[in-house]
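> heads up, no residue letters with this:
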């Protein structure tokens with residue numbers, strides 16, 4: 001970005017959760033939903049002020065409501081409001097673990113997201129407060145919208161299992177609803193089947209080779225742009241080949 005001839009650095013423009021996002025992805029008009037984050041962030045702020053933890057002692061996510069983006073537009077349209085109520089009902093059932101996820105979620109797309117998250121160690125986007133869902137009125141299912149997929153450099157190999165759903169020590173405290181929600185899809189045998197299918201596909205060397213070949217020009221272009229901010233930055237393909245190898249080794253155990 002350049003303002004009045006002054007270079008401001010490299011910026012990334014990210015789409016928001018609007019009807020344009022659905023249109024450009026050839027989706028029928030419908031609501032985009034989330035589990036409200038307000039209570040979580042209020043408690044997080046309180047923890048910082050008091051220097052103590054409340055997360056596991058308060059029913060934060062049990063009390064959370066399901067909200068649509070563009071609430072005024074959704075509620076002013078009879079058809080969109082009706083779709084929102086149906087999607088809200090599905091997401092409440094998922095959040096509360098009160099119904100088999102096979103009847104709530106588009107499992108194929110969700111399994112792809114989880115497998116790609118493992119490949120890139122971008123599990124931050126799977127966290128409960130980052131989950132975003134599109135209610136598909138044709139399928140009467142919730143479709144995941146990938147969001148905030150950043151890699152957390154704090155987690156080295158020994159701290160992060162290559163398979164997200166098959167390790168008990170991803171987090172020290174899996175007590176709260178916030179920690180449990182991302183693992184609920186693994187109660188479905190159909191989801192597990194698709195998850196393993198995509199892990200097998202995405203961890204193959206030939207698959208990664210083909211992806212990097214297709215993206216080569218864009219990767220070079222983006223790398224040069226980022227280097228304007230950080231001259232030492234270099235895109236590391238080996239990071240993905242390394243993660244893929246760990247995934248293949250782990251798959252051999254199941």
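Nice, thanks for sending it over. Computed from a prediction, not measured in an experiment: that's the story for all the values here.
> Check the gap between residue 36 and residue 88 for me.
Distance, residue 36 to residue 88, by C-beta to C-beta, to the nearest Å: 11 Å. Quick note: C-beta positions are derived from backbone N, CA and C, even for glycine.
> can you list residues touching both of those two?
Contact with both residue 36 and residue 88 is made by residues residue 66, according to C-beta atoms under 8 Å, 6 or more residues apart in numbering.
> Residue 11: what's its closest spatial neighbour, skipping adjacent residues?
residue 1 (4.9 Å; C-beta to C-beta, 6 or more residues apart in numbering).
> That neighbour: what's it in contact with?
7, 8, 9, 10, 11.
> Report the separation between it and residue 10.
8 Å.
> Next: residue 211.
The value you get for residue 211 to residue 10, if C-beta to C-beta is used, is 23 Å.
> How about residue 163?
The value you get for residue 163 to residue 10, if C-beta to C-beta is used, is 34 Å.
> the more surrounded of those two?
Neighbour totals were compared for residue 163 and residue 10, and residue 163 leads with 18 against 14 (other C-beta atoms under 10 Å).
> which residues does residue 30 contact?
Here residue 30 is in contact with 22, 80, 83, 87, 134, 135, 136, 137 (criterion: C-beta under 8 Å, 6+ apart).
> try 7 Å
Neighbour list for residue 30: 22, 83, 134, 135, 136, 137 [criterion: C-beta atoms under 7 Å, 6 or more residues apart in numbering].
> The first one belongs to a helix, doesn't it?
What that stands for is residue 22. Yes. Counting by DSSP: H, G, I helix; E, B strand; the rest coil, residue 22 is found in a helix.
> pretty sure residue 67 is in a strand, no?
Yes. The assignment for residue 67 by three-state DSSP puts it in a strand.
> tell me the pLDDT at the residue nearest to it when sequence neighbours are not counted?
Spatial nearest neighbour of residue 67, chain neighbours left out: residue 36 (4.9 Å); criterion: C-beta to C-beta, 6+ apart. We have a pLDDT of 90 for residue 36.
> same thing with residue 172?
At residue 172, pLDDT is 48.
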